[in-house]
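Build the 3D model from these lines:
(3 chains)
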Amino acid sequence: MNGNYLEFNVFFDIIGTIAFAISGAILGCKKKMDILGVIVLGLVTALGGGFIRDLVLGITPPKMFQNSTNAIISTLFSILVFIFYLQKSGFKNKNWIKIMNKFMIITDTIGLASFTITGMATAISLGHHQKFLLIFVGSITGVGGGMIRDVLAGTIPFIFREQIYAGACILGATVFLIARHFLSYQISMIICFFTVLIFRLLAVKKNWNLPRIVD
Amino acid sequence: MNGNYLEFNVFFDIIGTIAFAISGAILGCKKKMDILGVIVLGLVTALGGGFIRDLVLGITPPKMFQNSTNAIISTLFSILVFIFYLQKSGFKNKNWIKIMNKFMIITDTIGLASFTITGMATAISLGHHQKFLLIFVGSITGVGGGMIRDVLAGTIPFIFREQIYAGACILGATVFLIARHFLSYQISMIICFFTVLIFRLLAVKKNWNLPRIVD
Amino acid sequence: MNGNYLEFNVFFDIIGTIAFAISGAILGCKKKMDILGVIVLGLVTALGGGFIRDLVLGITPPKMFQNSTNAIISTLFSILVFIFYLQKSGFKNKNWIKIMNKFMIITDTIGLASFTITGMATAISLGHHQKFLLIFVGSITGVGGGMIRDVLAGTIPFIFREQIYAGACILGATVFLIARHFLSYQISMIICFFTVLIFRLLAVKKNWNLPRIVD
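Purely as a prediction, here's the structure:
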């Protein structure tokens, strides 16, 4: 663990913040919120996972309250999404709906993967090493922001809908814990990122459905 | 910062508790809850903001668990609202619906303004001085109780509906931080209170709408 | 307070975890979730109350992150519920709907009673003795998991529906605090458990309704 490793953590933190902000802002636009609503939904999505992570790890006040960078980044990207939506006059074109729905899933997945990493990395940097704790903190950090976004916007969280979701986090976190025995932290993080990303996007694409009650 | 300043903090804490309890109890009545549901919804609204504030600032157990005053005040006012509703036989009269809807917005705004102040004042009393942190803690304390109320009662939080809402908190908090350079803490608090109150109520009254997607 | 007392706390913790996991899994099945959704809803219900309890009492990371026992137990019972549901082909038979609805209320009540106890016992073990704090922590631990379950699954929490719910927790917690002046901790816990259980189930059975607005 060295400085380079912590820089990687910051890198994924920013990537995740941008991606989740966009996913929140898209949902806000879909729900016909005004610009402040869109910004707020972007913020809670982008900062929610880190908020839960810090509360869980006893970091008070949470980092998001100490550093405005992520909040500013999130606000800017939410505004960009809002402007883009205004220009495309929102939902009138069916093609745009489809594209934005796909884009929302992609950004949500990038956020999921990034925050799973920052959750584990933050826990490790505080001296936690228990595997179960790391996987759990990684997963809750990954799914937390999206969960708050969906509950606040009144839709059922992704985690309960069709796709493999929590499973992708748990798989990615486990792969990270195995990889770091053999590889550097940086490469393990990248492998974790793409594991979550590919696994979840494939699951959506191929419509992998787990067993469920058939009507 | 002196004793008088802390007394002011307690004053706004109680004002906010009463106002939010009433707003929660009104929503509970509108949702046809029984008296315990109404009391509980009043409680989570009145105590929710302070709960989030204390978790965020690392005050554990949160103050609401150490002192029953606010819980008792909240319970009493929720019962009063419930009795009032029973007497007016609830929703039968369209005039009463209108009046109660307005009254809910007014009490919600008083709670919003009061808790924005207590959020900042509590953070300052713990030695935090960073402007971004103070505005953020103030805003989350202000909007927290109402957000929990609306999510639990199954309605979309005010923060995502028509009115300028989070914006009023951020404006009030910023005004407070500017004012306290020139004026006493007490007067800065009062200015903050009326900034949030007037800005939000004007926005509702004048139906100030921020840009949004037009259908 | 001795070792035997702490063993009792663990006992109720496991009973509550199993019961809440089942209640969450049943709701997940009713909502046609896939198996991972059912497991996750079981987990948040089973672990949610303890999560809130630990955050409130300043235990970070919460115990559920340090010990995988409860997560594993919860997952196993959620899978069992899911298999059972698949075999009974879900909702096709009206009798099974009725039975599962009843079973969900019973398991929810067992979880409620168990976590009210573990909430108080954990607070006492940390040296808290204020009666109001103990009742409050007990109640929030009891109702927390079920509340998160219902909000995430998009149904109105039990606490706001027909039955006496928070009231049962508060009564049970109060009975515990009185009983422990005269009896051993273990017996006081058992009395608390059955007070919550019987009071809530009787309320549902007899359809005790508190005053509410009549349409």
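
Tell me if stretch A:180-196 is near chain C.
No - residues of stretch A:180-196 contacting chain C under Cβ under 8 Å from any Cβ of the partner chain: none, with a closest distance of 14.5 Å. In this view, the C-beta of every residue, glycine as well, is placed from N, C-alpha and C.

got it, and stretch A:144-159?
Yes - for stretch A:144-159 and chain C, the contact criterion (Cβ under 8 Å from any Cβ) is met by A:147, A:151, A:156-157, A:159.

Now the residue in chain A that chain C sits nearest to. Its backbone dihedrals?
Closest approach between chain A and chain C, counting by Cβ to the nearest Cβ: A:Gly58, at 3.1 Å. Dihedral angles of A:Gly58 (phi, psi; degrees, to the nearest 10) stand at phi 70, psi 20.

And A:Asp34, by the same measure?
Torsion angles, degrees, to the nearest 10, at A:Asp34: phi -80, psi 180.

what's the neighbour count on the residue of chain A closest to chain C?
Under the neighbour criterion other Cβ atoms under 10 Å in any protein chain shown, A:Gly58 is assigned a count of 15.

show me the contacts for it.
Contact criterion Cβ atoms under 8 Å, 6 or more residues apart in numbering or on different chains gives B:58, C:58, C:60-61 as the residues in contact with A:Gly58.

Which among the residues of stretch A:144-159 next to chain C count as buried?
Neighbour counting by 16 or more other Cβ atoms under 10 Å in any protein chain shown classes A:147, A:151, A:157, A:159 among those as buried.

Count the neighbours of the nearest residue to A:Phe103 once chain neighbours are set aside for me.
In space, and not counting its chain neighbours, A:Phe103 is closest to A:Ile26: 6.8 Å by Cβ to Cβ, 6 or more residues apart in numbering or on different chains. With neighbours defined by other Cβ under 10 Å, the count for A:Ile26 comes to 26.

A:Asn95 too?
The burial count assigned to A:Asn95 is 8, neighbours taken as other Cβ under 10 Å.

what ranges do the helices span in chain A?
A:3-30, A:35-56, A:63-66, A:69-87, A:94-125, A:131-152, A:166-179, A:185-205 (DSSP state H).

quick check, the worst-scoring helix or strand of chain A on mean pLDDT touching chain B?
Least confident helix or strand of chain A, by mean pLDDT, DSSP states H and E, is helix A:63-66 with a mean of 86. Yes - on the criterion Cβ under 8 Å from any Cβ, helix A:63-66 is in touch with chain B at A:64-66.

Could you list the residues in contact with that helix?
Counting contacts by Cβ under 8 Å, 6+ apart, the residues touching helix A:63-66 from outside are A:47, A:50-51, A:54, A:70-71, B:56, B:130, B:132-133, B:136-137.

In that helix, which of the residues would be classed as buried?
When neighbours are counted by 16+ other Cβ under 10 Å, the buried residues of helix A:63-66 are found to be A:63-65.

Check the offset of it from the chain's centre.
Counting by Cα atoms, centre = their mean, to the nearest Å, helix A:63-66 is centred 18 Å from the centre of its parent chain.

Please name the residues that touch whatever residue of chain A ends up closest to chain B.
Nearest to chain B, among the residues of chain A, is A:Thr60, at 3.1 Å (Cβ to the nearest Cβ). A:Thr60 makes contact with A:54, B:55-58 under the criterion Cβ under 8 Å, 6+ apart.

Lovely, talk soon.
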